[in-house]
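Novice: Starting from these lines, generate the structure:
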Amino acid sequence: MESSNWVLKHVSILLFFFLTPSFSSTLDLVVTHTKALHQNFTAVSDFRLINRRILKDGSIVNPYVKLIISNNSSLSDDQFVTVTVTGVSKPRDGDWVAMISPSNSNVKTCLLNEFYYLQTGDTSKLPLLCHYPVKAQYLKNDPDYLSCKNKECKKEQNGKCSVTTCSGSLKFHVINIRTDIEFVFFTGGFLTPFLAGRSAPLGFANPNMPLYGHLSSIDSTATSMRLTWVSGDKEPQQIQYGDGKTVSSAVTTFSQNDMCSSALPSPAKDFGWHDPGYIHSAIMTGLNPSSTYSYRYGSNSVDWSEQIKFSTPPSGGTDELKFVAFGDMGKTPLDASEEHYIQPGALSVIKAIANEVDSNNVNSVFHIGDISYATGFLAEWDFFMYLISPLATRVSYMTAIGNHERDYVDSGSVYQTPDSGGECGVPYETYFPMPTSAKDKPWYSIEQASVHFTVISTEHDWSINSEQYEWMKKDMASVNRQHTPWLIFTGHRPMYTSNQGFSSKDQNFIKAVEPLLLENKVDLALFGHVHNYERTCSVYQNKCKAMPIKDQKGVDTYDNKNYSAPVHAVIGMAGFILDKSSNNGESWSLKRISEFGYLRAHATKNDLNLEFVTSDTREVKDSFRITK
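Specialist: Purely as a prediction, here's the structure:
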C-alpha cells in the first residue's frame, strides 16, 4: 500500500483514465547504508518518471564517448560488473547509465504519450523511454567523475593537448535474466534524457541455466514438497533428491498476451515487459515430515544447480512449529542503482530471516501479499526470486496474493486500481504455485504441526455467498481443534489498523468476513498492506472483548481457554517504506511500531508465542502469547 497522500492526489486522474472505454555470498558485498540510499526511490522518483518522448540521439555529437565493461565476455549468473564511460567532454550532474534488456530494445524514439504512464501510478508529464531500463545510476556516484580526476588526451595540436575528456565508473549488480543486456549512456538526467553512447551487447554464459528455485508445501502431510524454478530452456528438467530419487518438471510460461490491459497498454503489456523464460515445477514425494534432505535441479544438457539442503515442515497434527510471517517485502538492489520500485528494508529483513534459517529456527515462511512489487516490470521478478533464495530454497515459502500482484480494471479484482501494472496475478501464480483449487482462485489452507492456516485473497470476491466466502466458511468450520488447536487467518488487507489512509481498510470486507472469524474462534488474524506493525486486544466490531494479562516475564498473554475474539496483527513492515505509527491509536490498538522486521512464531499445542523482531538489530520489540 502506498501512502494516503499519494492516493488522494492521484485517484481522480486514475479514475478518469480507467473509465475510458476499453542468500548467497553476494549479499555481503552490498553497498553500505542500503535503506538510507534507497529510501527516496520507493514510490515516485525521477527514475519512475521516464516518460514517452522523442529522444534525440546525441551519440554522433561526441565521437570520443565509449562504454567499457569490465567483463566484456559472457556474463555469469550473479556478478558485479564495472561500467566505465570514457570520452566525456564535460561531466554533468545529469549524466547517467542505464542497464537495458534485451539489448536490442528501442531506447531512441517513442510517440509522446504521457497517459501511458498513468498505470504506474505517476501523473507527471515527464520520462519513460520506449523500453524501461532494468536499473540505472548517475555517473556522479563515482566521486571522481564531476571533478574530472580521470583525464585523457584525445587530440594533440602543436605538441599540446587540444581535446581532453573525462571518465567515470559505476558498479552494477547483474543476475542472469536470460536475455542479452546493454549499458546505455545518457545526458540530461532522467527527466530530459539525451542518448550519448551504447555498449556492445553482453550475453549470459548460460541463458538456460536453472535458477531461482523456491520450495512450497502442497498439503498438510509434509511428505511432499514442490520446487519451482526458472530457466531459458523449455524442455523438462529434473530434481535429484534424497537417496537417488528423480522427478521431472512440468514446464509453463506466460506472454504479453496474458497480461491485462485497457484502452492504453499496461506496463506489463508494453514498456515493462520482459520475457520470463520457462517456469519449471516438480513435486518431491516420499519425504518424511520434519526431516532434512539434499537436492539439486536442472539437467545434463543445461547444467545443474548447486547441491542444497532443505527441511520439510512438521505434519499437521503434531506439536511444535516455528514459522516467520510478514507482508509487503519486495526487493532492494545490491548496488547503488535506482529502479522502478525499491523497497528499502527488504534486504535487511531477508538477511535476518536467513540467519534464522541457518540457526534452524524456521520450519516455514508465510509472505502475505505484495510479493515482489514488480507491478508490470517483469524483470524485477527475477531479482526478487534471486534475493529470497537463501530462505526459499531451504524451507517452505508460502504466499498470499496482494493488490500489487492482482488488481487491475475490469479484471475481476474487487479493487479497480492499476496496482498490478497489468500483471493481474498471472506472474505471481506462475512463479508461486500454492495448493489452490484452480487458476485465479488463490485461496487455500494448510496445516503444519498444531496450526491450521486459512489463507485468503482480499483482492477476489469475499462478499457473502461468493465462492471464496463459502470456501472460507467451510474451511474454518471443518478444522479439528483437537488435531490443530490453533486457527490462524491470513490475508493481505487488514481489518484493524490505526492507519487512516485511503484504502487502508475496507468496511465491506470487515462486515462480511469478521463474523466468520468470531464464529470459528480464530485465534490470530495476520494482515499486511499497511507498512508497519500493530497488535490488538481480542477484538470484535471495534471493541475489546478481552485484554491480555502480563505473565511472570511481562509478556502479554491472551487466555483462549475462555475464547472471546481474535487477536489481529498487521505485519506489513518487511520492506516497503514505512508508514508512521499513529500516536493516538484506538482502544483496541495495544502496540504500534514503525520499524522494518518480521513476526517470529513458536507454536505448541498449548501455547502460541509470537515476537516482532527488528531486522537491523534483531531486537524483540513486542512479545505476546496466546494460551489454550
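Novice: Make sure residue 282 is actually in contact with residue 224.
Specialist: No. Checked against C-beta atoms under 8 Å, the pair residue 282 and residue 224 is beyond contact range at 10.5 Å. No exception for glycine: its C-beta is placed from N, CA and C like everyone else's.
Novice: In terms of neighbours, single out the busier of those two.
Specialist: Between residue 282 and residue 224, counted using other C-beta atoms under 10 Å, residue 282 has the larger neighbour count: 22 against 14.
Novice: quick one, what contacts the more buried one?
Specialist: 226-227, 238-239, 247-250, 297 (C-beta atoms under 8 Å, 6 or more residues apart in numbering).
Novice: Go again with 6 Å.
Specialist: 227, 239, 247, 249 (C-beta atoms under 6 Å, 6 or more residues apart in numbering).
Novice: Could you list the buried residues of the helix or strand residue 356 falls within?
Specialist: Residue 356 belongs to helix 346-358 when assigned by DSSP states H and E. Buried residues in helix 346-358, counted by 16 or more other C-beta atoms under 10 Å: 346-354, 356-357.
Novice: I'd like these as JSON lines, with pLDDT appended.
Specialist: Output for the buried residues of helix 346-358, formatted as JSON lines (pLDDT from 0 to 100):
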{"residue": "346", "pLDDT": "97"}
{"residue": "347", "pLDDT": "96"}
{"residue": "348", "pLDDT": "96"}
{"residue": "349", "pLDDT": "97"}
{"residue": "350", "pLDDT": "97"}
{"residue": "351", "pLDDT": "96"}
{"residue": "352", "pLDDT": "97"}
{"residue": "353", "pLDDT": "98"}
{"residue": "354", "pLDDT": "97"}
{"residue": "356", "pLDDT": "97"}
{"residue": "357", "pLDDT": "97"}
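Novice: quick one on the thing from earlier: can you pull out the residues in contact with the helix holding residue 356?
Specialist: Counting by C-beta under 6 Å, 6+ apart, 23, 34, 324, 329-332, 362, 387, 390-391, 394-395, 574-575, 596, 598, 615-616 sit against helix 346-358.
Novice: for the residue positioned nearest the centre of the chain, helix, strand, or coil?
Specialist: The chain has residue 372 as the residue nearest its centroid, 1.8 Å off, counting by C-alpha atoms, centre = their mean. Three-state call for residue 372 (DSSP: H, G, I helix; E, B strand; the rest coil): coil.
Novice: Correct me if wrong: it contacts residue 383.
Specialist: No. Using C-beta atoms under 6 Å, residue 372 is not in contact with residue 383; the gap is 7.9 Å.
Novice: Next step: the contacts of helix 346-358 restricted to strands.
Specialist: Here DSSP state E is the test, and those give 324, 598 as lying in strands.
Novice: Quick one: buried ones out of the contacts of helix 346-358?
Specialist: 23, 34, 324, 329-332, 362, 387, 390-391, 394-395, 574-575, 596, 598, 615.
Novice: Would you enumerate the residues in contact with residue 456?
Specialist: 443, 491.
Novice: Return the distance of it relative to residue 538.
Specialist: Residue 456 is 21 Å from residue 538, where distance means C-beta to C-beta, to the nearest Å.
Novice: Next: residue 599.
Specialist: 18 Å.
Novice: which residues does residue 444 bridge with?
Specialist: residue 455 (DSSP bridges).
Novice: Distance check, it against residue 93.
Specialist: From residue 444 across to residue 93, the span is 51 Å (C-beta to C-beta).
Novice: what does residue 258 give?
Specialist: Taking C-beta to C-beta, one finds residue 258 at 41 Å from residue 93.
Novice: of those two, who's got more company?
Specialist: More neighbours surround residue 258 than the other of residue 258 and residue 93, with 15 against 12 (other C-beta under 10 Å).
Novice: If we ignore the residues flanking it in sequence, what's nearest the more buried one?
Specialist: Among residues not flanking residue 258 along the chain, residue 426 sits closest, at 5.0 Å (C-beta to C-beta, 6 or more residues apart in numbering).
Novice: same question, residue 154
Specialist: Per C-beta to C-beta, 6+ apart, closest to residue 154 is residue 163, 4.4 Å.
Novice: How many neighbouring residues does the one you found have?
Specialist: As a burial measure, residue 163 scores 13 neighbours (other C-beta under 10 Å).
Novice: check which helix or strand covers it.
Specialist: Judged by DSSP H and E, residue 163 forms part of strand 160-175.
Novice: Could you single out the nearest of the contacts of residue 282 to residue 464?
Specialist: Nearest to residue 464 out of the contacts of residue 282 is residue 227 (C-beta to C-beta; 38.2 Å).
Novice: now residue 456: how far from residue 332?
Specialist: Per C-beta to C-beta, residue 456 is found 28 Å from residue 332.
Novice: now residue 98
Specialist: 19 Å.
Novice: Kindly report the same for residue 517.
Specialist: 34 Å.
Novice: in the sheet, who's paired with residue 365?
Specialist: Here residue 365, judged by DSSP bridges, has bridge partners residue 324, residue 397.
Novice: Could I get the pLDDT score of it?
Specialist: At residue 365, the predicted lDDT confidence score is 98.
Novice: before we move on, what about residue 51?
Specialist: pLDDT, read off for residue 51, is 53.
Novice: Just confirm residue 548 contacts residue 559, I think it does.
Specialist: No. Under the criterion of C-beta under 6 Å, residue 548 makes no contact with residue 559, lying 8.2 Å away.
Novice: More neighbours: which of these two?
Specialist: Neighbours per residue, other C-beta under 10 Å: of residue 548 and residue 559, the larger number sits with residue 548, 19 against 15.
Novice: Quick one: residues contacting the more buried one.
Specialist: 556-558.
Novice: likewise residue 146?
Specialist: By C-beta under 6 Å, 6+ apart, the contact list for residue 146 reads 91, 140.
Novice: Quick check: it vs residue 88, distance?
Specialist: Applying C-beta to C-beta to residue 146 and residue 88 gives a distance of 10 Å.
Novice: Then residue 570?
Specialist: 49 Å.
Novice: who has more neighbours, the two?
Specialist: Taking neighbours as other C-beta under 10 Å, residue 570 and residue 88 compare with residue 570 leading, 31 against 25.
Novice: rewinding a little: my guess is the residue nearest to residue 258 meets residue 253, correct?
Specialist: No. Taking contacts as C-beta under 6 Å, residue 426 lies outside contact range of residue 253: 10.4 Å.
Novice: who's more crowded, those two?
Specialist: Neighbours per residue (other C-beta under 10 Å) separate residue 426 from residue 253, with residue 426 holding more: 21 against 14.
Novice: gap between the more buried one and residue 339?
Specialist: 21 Å.
Novice: what residue ranges in this structure score low on pLDDT?
Specialist: Filtered on pLDDT under 70, the chain yields the residue ranges 1-34, 37-45, 48-60, 72, 106-130, 502.
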